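Engineer: attaching a predicted model along with its sequence, questions to come.
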Amino acid sequence: MMPERHDPLVDTEQILVVPRPLLLPSQGLQGFHPGGVDAYAGRILRHGEFRPRAAVEEDPTLKQIIPYLIIRHGERIFLFQRSGKGGESRLHGRVSIGVGGHIVREDTAGADDLLRAGLSRELTEELIIAGSWTARPVGVLNDDETPVGRVHFGVVYVVETARPDVRVREEDRLSGRLAGAEEVLAARPGMEGWSQLILDAADPFAL
């Protein structure tokens, strides 16, 4: 799920960004690309900097780094759906196979791995997971064909949960459930852009 925008409560946050030419190849990058995460993670570590969120929201010369998490238990993936509440009206009612959020300075203080710290923050902020979980990077995601996508860059992770007891934390804003492959594919027409790009390029159950 792409991050919401124009939320006045978070516009003063310092979020992790990387200048576009220092992150992306000169020929550009479009869609979801499995693998190759280490090279991008290295660039994020070397060139990343924290900037006020309000100052970078509309700046396509900077890419806001988003850990994007696909939650999986066995042969099922957690399907998210936004309610009519939230800061980005274009995303209301949309379905997603992942959840993502900005990497915030205050949540990563002292962390050696900013991406890992960011994904842990996003996971505990959005979900309640009973039991253990493991996360591994599976690819990167960039969409320069939409206004929201032009200012974000996703590092995609699969989060495997030991138990099926997964639920959203803020039920007035999100709903969700574990779903099998047939249900996930059937939901594609109503999905957000990043989820569609992943499904177009790979089988999320095989990542």
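Structural biologist: Received, thanks.

Engineer: parallel or antiparallel, list what pairs with the top strand by length along the chain.
Structural biologist: Longest strand in the chain by number of residues (criterion: DSSP state E): strand 62-73. Counting by DSSP bridges, the strands paired with strand 62-73 are strand 14-19 (antiparallel), strand 76-82 (antiparallel), strand 99-100 (antiparallel), strand 152-161 (parallel).

Engineer: for these, which one sits closest to A41?
Structural biologist: strand 152-161 (7.0 Å; Cβ to Cβ). Bear in mind the C-beta positions are built from the backbone N, C-alpha and C, glycine included.

Engineer: please save the CA atoms from that closest one in PDB.
Structural biologist: Extracted C-alpha coordinates of strand 152-161, given in PDB (Å, rounded to 0.1, in the frame of the first residue of the first chain):
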ATOM      1  CA  HIS A 152       8.700   7.300  -4.100                       C
ATOM      2  CA  PHE A 153      11.000   4.300  -4.400                       C
ATOM      3  CA  GLY A 154      10.100   0.900  -3.000                       C
ATOM      4  CA  VAL A 155      12.300  -1.700  -1.500                       C
ATOM      5  CA  VAL A 156      10.100  -4.800  -1.500                       C
ATOM      6  CA  TYR A 157      10.200  -7.400   1.300                       C
ATOM      7  CA  VAL A 158       8.300 -10.600   1.900                       C
ATOM      8  CA  VAL A 159       7.500 -11.000   5.600                       C
ATOM      9  CA  GLU A 160       6.800 -14.600   6.500                       C
ATOM     10  CA  THR A 161       4.700 -15.100   9.600                       C
END
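
Engineer: how far does it sit from its chain's centre?
Structural biologist: 6 Å (Cα atoms, centre = their mean, to the nearest Å).

Engineer: where are the low-confidence patches of this protein?
Structural biologist: 1-11, 84-92 (pLDDT under 70).

Engineer: which residues in it form helices?
Structural biologist: Per DSSP state H, the chain carries helices over the ranges 20-23, 37-47, 53-56, 114-126, 181-186, 193-201.

Engineer: T12: which of those helices is closest?
Structural biologist: Proximity to T12 (Cβ to Cβ) singles out helix 53-56 among the helices of the chain, at 6.9 Å.

Engineer: follow-up on the earlier one: turn the helices of the chain into a markdown table, including mean neighbour count and distance to H152.
Structural biologist: As requested, those are arranged in a markdown table below (neighbours: other Cβ atoms under 10 Å; distance: least, Cβ to Cβ, whole Å):
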| stretch | mean neighbour count | distance to H152 |
| --- | --- | --- |
| helix 20-23 | 16 | 11 |
| helix 37-47 | 15 | 13 |
| helix 53-56 | 16 | 10 |
| helix 114-126 | 19 | 13 |
| helix 181-186 | 13 | 23 |
| helix 193-201 | 20 | 9 |
